[in-house]
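Participant: here's a sequence, model it:
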Amino acid sequence: MARKLFARKVQNIQDEVLLLGSMVEEAVTKSVVTLKNRDFNLAKQIYHDDILLNDKRYAIENAILIVIATQQPMARDLRQLASMLDVITELERMGDYAKGIAKVTIKLQNLDIKLPINEIEMMAELAVGMLHKALTAFIEGDSQTAAQIPYEDDAVDKLYESIYHKSVELMMSDPENIDHSNLIMWVGHNLERLADRVTNICERTVFISTGELMELEIDEEDEDLETE
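Facilitator: Presented below is the predicted three-dimensional model:
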């Protein structure tokens with residue numbers, strides 16, 4: 001009976017983690033839409049709704065701490081609960097990135113500035129896709145899938161490099177664009193960091209299964225060595 005109660009509590013927490021994840025996915029996707037359409041009302045909504053993500057994170061954290069204190073989980077169960085604490089922290093930070101992109105939209109206002117919006121949209125789509133798969137793997141305890149997801153970060157990094165170079169070109173073409181180009185680079189930076197944090201979630205999935213904390217991020221130099 002006690003075990004069934006524990007399992008039910010953990011399942012409820014997992015459901016809340018997935019809900020927080022879906023809130024973050026929606027916020028990131030919408031933040032890019034606000035930038036593309038210069039939708040200031042939606043940008044302001046995303047900016048102010050960040051507090052909802054924070055509140056959800058703290059509510060989940062409180063629920064996890066109560067289970068740890070009252071149920072005294074051992075071994076794998078404790079690793080799972082401890083990992084969920086890390087995952088919700090990562091999700092909250094990702095929500096901050098969406099808030100940051102919305103803030104860029106508000107700062108750019110209606111300025112006629114060329115945006116590398118295709119690259120930004122592709123970055124967001126890839127990063128959100130990675131996040132969705134990582135959360136699914138985390139909840140399902142699928143460490144094999146989790147270990148493969150970080151490889152997808154290469155495509156995100158390449159898109160960020162493209163945004164960076166186009167922003168620099170914009171600066172060079174007209175010094176008045178420097179501040180605005182920095183804002184555009186910040187959008188790319190936020191999406192690149194979001195994808196990096198997905199790797200942290202994947203590492204926690206592996207940790208739950210194996211009890212080992214290991215870095216899953218693959219260095220380009222390591223990849224070169226592997227192909228030699």
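
Participant: just the helices in this structure please.
Facilitator: For the chain, the helices defined by DSSP state H cover 2-37, 40-71, 75-108, 117-140, 143-148, 153-173, 178-210, 220-227.

Participant: residue 135 reaches residue 16, doesn't it?
Facilitator: No. With contact defined as C-beta atoms under 8 Å, residue 135 and residue 16 do not form a contacting pair (12.0 Å). C-beta here means a position set from N, CA and C on the backbone, and glycine is covered the same way.

Participant: the more surrounded of these two?
Facilitator: Taking other C-beta atoms under 10 Å, residue 135 and residue 16 do not tie; residue 135 has more neighbours (24 against 18).

Participant: low-confidence regions, this structure specifically.
Facilitator: For the chain, the stretches flagged by pLDDT under 70 are 1, 217-228.

Participant: try it again with 80
Facilitator: 1-3, 109-113, 174-177, 212-214, 216-228 (pLDDT under 80).

Participant: for residue 13, which non-adjacent residue is closest in space?
Facilitator: The shortest distance from residue 13 to any non-neighbouring residue, by C-beta to C-beta, 6 or more residues apart in numbering, is to residue 63 (5.4 Å).

Participant: same check, this time on residue 19
Facilitator: According to C-beta to C-beta, 6+ apart, the nearest residue to residue 19 is residue 56 (7.1 Å).

Participant: the residue nearest to residue 13 and residue 16 touch, don't they?
Facilitator: Yes. Counting by C-beta under 8 Å, residue 16 is a contact partner of residue 63 at 7.1 Å.

Participant: burial of residue 151, as a residue count?
Facilitator: Under the neighbour criterion other C-beta under 10 Å, residue 151 is assigned a count of 14.

Participant: how near is it to residue 118?
Facilitator: With distances taken as C-beta to C-beta, to the nearest Å, residue 151 is found 23 Å from residue 118.

Participant: likewise residue 7?
Facilitator: Residue 7 sits 46 Å away from residue 118, taking C-beta to C-beta as the criterion.

Participant: residue contacts, the closest residue to residue 185 other than its chain neighbours?
Facilitator: In space, not counting the residues next to it along the chain, residue 185 is nearest to residue 167; the distance is 4.7 Å by C-beta to C-beta, 6+ apart. Counting by C-beta atoms under 8 Å, 6 or more residues apart in numbering, residue 167 touches 116, 181-182, 184-185, 188.

Participant: show me what contacts the spatially closest residue to residue 79 that is not a sequence neighbour?
Facilitator: By the measure of C-beta to C-beta, 6+ apart, the closest residue to residue 79 outside its immediate chain neighbours is residue 208, 5.0 Å from it. Residue 208 makes contact with 76, 79-80, 83, 138, 141, 143 under the criterion C-beta under 8 Å, 6+ apart.

Participant: residue 110 reaches residue 39, doesn't it?
Facilitator: No. Counting by C-beta under 8 Å, no contact exists between residue 110 and residue 39, whose distance comes to 11.4 Å.

Participant: and the two? which has more neighbours close in?
Facilitator: Neighbours of residue 110 and residue 39, each counted by other C-beta under 10 Å, are more numerous for residue 39; the result is 16 against 7.

Participant: any idea how far the more buried one lies from residue 101?
Facilitator: Look at residue 39 and residue 101: by C-beta to C-beta, they are 12 Å apart.

Participant: widest-spaced pair of the contacts of residue 167?
Facilitator: Among these, the pair separated by the greatest distance (C-beta to C-beta) is 116 and 182, at 13.8 Å.

Participant: who's more crowded, the two?
Facilitator: Taking residue 116 and residue 182 together and counting by other C-beta under 10 Å, residue 116 has the greater number of neighbours (22 against 13).
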